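**Student:** missing the sequence, but the structure's below:
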Ligand SMILES: CC(C)(COP(=O)(O)OP(=O)(O)OC[C@H]1O[C@@H](n2cnc3c(N)ncnc32)[C@H](O)[C@@H]1OP(=O)(O)O)[C@@H](O)C(=O)NCCC(=O)NCCS
């Protein structure tokens with residue numbers, strides 16, 4: 001199937017397990033996932049649990065788009081000055097995270113997550129679109145699927161005159177995002193020997 005045959009659709013809850021597996025494969029050697037789950041022998045199983053809960057939560061709060069054959073996935077959210085709730089409800093899937101991935105990875109996740117959220121709030125004090133996640137099946141990368149998903153998100157942001165923000169822990173991704181109009185804002189290491197992180201911003205056109 002060619003990129004041109006693929007539609008961009010919303011992820012349905014039924015396809016959550018497949019989406020978690022796709023994310024697990026795409027991010028297996030990503031510095032953030034390596035940092036959370038350094039032991040390769042248990043990374044696949046733990047990362048899959050992590051992505052399953054993460055995407056289940058994102059379906060409640062964000063927009064989640066996939067290509068129809070689930071070769072690629074994108075997660076984004078438009079922050080428009082609303083108060084962001086810190087407290088979790090009883091039904092919040094993230095409450096199960098420490099039991100699912102273990103205490104030490106959970107601690108690293110919380111520390112990194114807090115640092116990233118602090119930076120986002122400091123930098124992006126204005127309404128903006130946050131591109132949380134973008135991933136393409138490893139064997140399908142470089143064929144246009146990432147661009148297929150990201151283009152309509154950026155078009156929507158432009159229509160709403162929203163800047164778009166993202167972070168990446170892989171330097172090799174900078175070129176891809178640069179091609180889509182993102183510019184590097186800053187780069188720094190996350191606390192507790194966390195991964196080096198690049199922060200990028202795309203102004204609306
Ligand atoms: C980064 C990623 C989303 C890009 O999606 P993709 O489908 O591979 O990229 P596309 O085919 O749409 O675009 C590729 C274009 O970007 C360029 N490019 C630059 N860096 C690239 C990179 N790291 N990966 C892929 N393409 C890259 C290519 O040269 C190509 O340019 P061209 O269209 O002028 O030929 C995908 O490679 C991926 O999922 N990587 C692993 C997970 C990840 O790191 N996600 C991003 C987290 S922030």
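**Tutor:** That came through, no problem. Given the structure is predicted, the values throughout are model-derived calculations rather than measurements.

**Student:** quick one, helices of the protein?
**Tutor:** 16-26, 31-36, 40-61, 97-101, 103-123, 145-159, 174-179 (DSSP state H).

**Student:** can I get those helices in CSV including mean neighbour count, mean pLDDT and distance to residue 77?
**Tutor:** (C-beta placed from N, C-alpha, C; glycine too.) Formatted as CSV, those follow (neighbours: other Cβ atoms under 10 Å; pLDDT from 0 to 100; distance: least, Cβ to Cβ, whole Å):
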stretch, mean neighbour count, mean pLDDT, distance to residue 77
helix 16-26, 19, 98, 17
helix 31-36, 20, 98, 18
helix 40-61, 18, 96, 7
helix 97-101, 17, 96, 19
helix 103-123, 15, 96, 11
helix 145-159, 18, 97, 10
helix 174-179, 14, 98, 17
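
**Student:** nearest to the ligand, of those?
**Tutor:** Nearest to the ligand, of all these, is helix 145-159, at 2.1 Å by Cβ to the nearest ligand atom.

**Student:** sorry, back to before: is it possible to export the helices of the chain to JSON lines including distance to residue 194?
**Tutor:** Shown next, in JSON lines, are the helices of the chain (distance: least, Cβ to Cβ, whole Å):
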{"stretch": "helix 16-26", "distance to residue 194": "19"}
{"stretch": "helix 31-36", "distance to residue 194": "6"}
{"stretch": "helix 40-61", "distance to residue 194": "16"}
{"stretch": "helix 97-101", "distance to residue 194": "16"}
{"stretch": "helix 103-123", "distance to residue 194": "5"}
{"stretch": "helix 145-159", "distance to residue 194": "25"}
{"stretch": "helix 174-179", "distance to residue 194": "19"}
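
**Student:** which residues sit in contact with residue 190?
**Tutor:** 111-112, 115-116, 196-197 (Cβ atoms under 8 Å, 6 or more residues apart in numbering).

**Student:** can we see that at 7 Å?
**Tutor:** Taking Cβ atoms under 7 Å, 6 or more residues apart in numbering, we find residue 190 in contact with 112, 115, 197.

**Student:** from residue 132, how far out is it?
**Tutor:** Per Cβ to Cβ, to the nearest Å, residue 190 is found 16 Å from residue 132.

**Student:** residue 67 and residue 6 touch, don't they?
**Tutor:** Yes - shown here, residue 67 and residue 6 form a contact pair, counting by Cβ atoms under 7 Å, at 4.3 Å.

**Student:** overlap of the contact sets of these two?
**Tutor:** Common neighbours of residue 67 and residue 6, using Cβ under 7 Å, 6+ apart, are residue 148.

**Student:** which one's more surrounded, the two?
**Tutor:** The residue with more neighbours, out of residue 67 and residue 6, is residue 67; 23 against 19, by other Cβ atoms under 10 Å.

**Student:** okay, and the beta partners of the more buried one?
**Tutor:** residue 8 (DSSP bridges).

**Student:** residues touching it, list them.
**Tutor:** So residue 67 contacts 6, 8, 145, 148-149 (Cβ under 7 Å, 6+ apart).

**Student:** check contacts around the residue positioned nearest the centre of the chain.
**Tutor:** The centre of the chain sits closest to residue 133, judged by Cα atoms, centre = their mean, with a distance of 2.0 Å. Contacts for residue 133 (Cβ under 7 Å, 6+ apart) come out as 73-75.
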